[in-house]
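In: predicted model and sequence below, questions to follow.
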Amino acid sequence: MPLKPENERADLLADQFINHLRVERGLADNTIQAYSRDLTRFFEFLYQRHVSPPEATRDHIIQYIGSLKGSLSSKSIARNLSALKMFFRFLISDGKIKESPARLLETMKLPRRLPEILTRDEVDRLLSQPDPEKNMGQRDRAMLELLYATGLRVSELVGLRLNNLNLEAGYVRTLGKGSKERIVPMGGKALEALKSYISEGRAGLLKGRNSAYLFLNSRGGGISRQGFWKIIKKYGIVAGIKKRITPHRLRHSFASHLLEGGADLRSVQVMLGHADISTTQIYTHVSRERLKQIHEKYHPRP
């Protein structure tokens, strides 16, 4: 966390807090990096006012949050406030302050937008684009099929290793947010695509080299998140899908289509790796909204 040399004490506090998030709270790397950036921004704000973090008051936090408006989205501002609340709770637990200046500040409640999903026809068109005659095509087909079959996050997908798969039983084992392990079943289409890729395409990409990663780039190393984003975007364009195609939209589609098909909410929550079922409930709203659209389109008296 790059801070000015004069602020070495703040630098040490930040390092201790980040270590706390990683070791004791078990937060995901992406969340830790975001909180680290938020804290750096807040420390710079305090430094300009000659205030150390343990000396920060409620007014300082209110002024800081106010300074973010116009430059950051509401979602980012809400995350900044959450990071500060967690940081000051950490200072209390570490005996550096007695009371949190952020204690009485309410976390911003953001309106929950319904996730946009692909129709089943759009999913079929997207998944049919990779060329199964080529090594890259076999890899891409296996990645897309597995993503739609399991609803994995993109970071979970690209981080898979060969030993995360049980092809005989038909499931994948992954580590989600907070390093929580979960086991997700996969369907026959994904299983078939994976078997073809592992026996043919993956061996072709390795060219005699070794790698523990399941999905490989052209150099035989693990494929990156950014690399897969480009892949799925390319196939969306080729398939003629007008919607913006992202890995997370395919995850949304997985959950919504399961619920539309009659799956229970609790099972979908487990497969998605949501800690709180209220996070999964958003997909029931998507299903209801789709039913409403179908009713309006096909009922003789809408």
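Out: Yes, it's here. Residues are numbered from 1 along each chain as shown.

In: so who does the residue most central in space within the chain touch?
Out: Central residue of the chain (Cα atoms, centre = their mean): R153, 5.3 Å from the mean position. The neighbours of R153, taking Cβ atoms under 8 Å, 6 or more residues apart in numbering as the test, are G176, P247, H248, R251, G273. Any C-beta I mention is one placed from the backbone N, CA and C, and that applies to glycine too.

In: so the second one makes contact with L144?
Out: No. The pair P247 and L144 fails to qualify as a contact (Cβ atoms under 8 Å) at a distance of 9.4 Å.

In: may I ask which of the contacts of R153 comes out lowest in pLDDT?
Out: Here the lowest pLDDT out of the contacts of R153 sits on G176, with 79.

In: re the thing from before, report the separation between the residue nearest to the centre of the chain and R22.
Out: Noted for R153: a distance of 18 Å to R22, by Cβ to Cβ, to the nearest Å.

In: look up phi and psi at E181.
Out: phi -80, psi 140 (degrees, to the nearest 10).

In: how many neighbours does it have?
Out: 10 (other Cβ atoms under 10 Å).

In: list the beta-bridge partners for it.
Out: E181 has these beta-bridge partners by DSSP bridges: L175.

In: now swap in the one 4 residues further on and tell me
Out: Note on P185: beta-bridge partners Y171, judged by DSSP bridges.

In: my guess is it meets R173, correct?
Out: No. P185 is not in contact with R173 according to Cβ under 8 Å; the separation is 10.9 Å.

In: can you list the weak-confidence ranges in the protein?
Out: Counting by pLDDT under 70, the chain shows low-confidence ranges at 1-8, 106-114, 178, 286-295, 298-302.

In: which residue ranges make up each domain of it?
Out: Domains of the chain are assigned by automatic domain parsing as 5-93, 120-298.

In: about what we covered before: which neighbours do P247 and L144 have in common?
Out: In contact with both P247 and L144: I232, using Cβ under 8 Å, 6+ apart.

In: picking up where we left off before, and which of the contacts of R153 is nearest R139?
Out: Distance to R139 across those (Cβ to Cβ) is lowest for P247, with 14.8 Å.

In: and the closest one, what does it touch?
Out: L147, R153, V154, L157, F228, W229, I232.

In: these: which two are farthest apart?
Out: Among the contacts of P247, R153 and I232 lie farthest apart (Cβ to Cβ), at 13.4 Å.

In: got the residue ranges for the helices in the stretch 51-200 of the chain?
Out: 58-68, 74-93, 120-127, 135-150, 154-158, 188-196 (DSSP state H, counting those that start in this stretch).

In: wait, which of the contacts of R153 is closest to F45?
Out: Out of those, the member with the shortest distance to F45 (by Cβ to Cβ) is H248, at 31.5 Å.

In: how far away is the residue nearest to that closest one when sequence neighbours are not counted from Q269?
Out: Closest residue in space to H248, ignoring its immediate chain neighbours: V154 at 7.0 Å, by Cβ to Cβ, 6 or more residues apart in numbering. Distance, V154 to Q269, using Cβ to Cβ: 19 Å.

In: so which bits of stretch 251-259 are buried?
Out: The neighbour-count check on stretch 251-259 (16 or more other Cβ atoms under 10 Å) flags R251, H252, S253, F254, A255, S256, H257, L258, L259 as buried.

In: please, which helix or strand holds the last one?
Out: Secondary-structure assignment from DSSP states H and E places L259 in helix 247-260.

In: okay, the angle between the helix or strand following that helix and helix 247-260?
Out: Scanning forward in sequence from helix 247-260 by DSSP H and E, the next helix or strand is helix 265-272. Put simply, helix 265-272 runs at 150 degrees to helix 247-260, going by axes from the mean of the first three to the mean of the last three Cα atoms, to 10 degrees.

In: and helix 265-272, what does it pack onto?
Out: Helix 265-272 sits against strand 181-185, helix 247-260, helix 277-280, with contacts defined as 3 or more Cβ pairs under 8 Å, 6 or more residues apart in numbering; DSSP states H and E.
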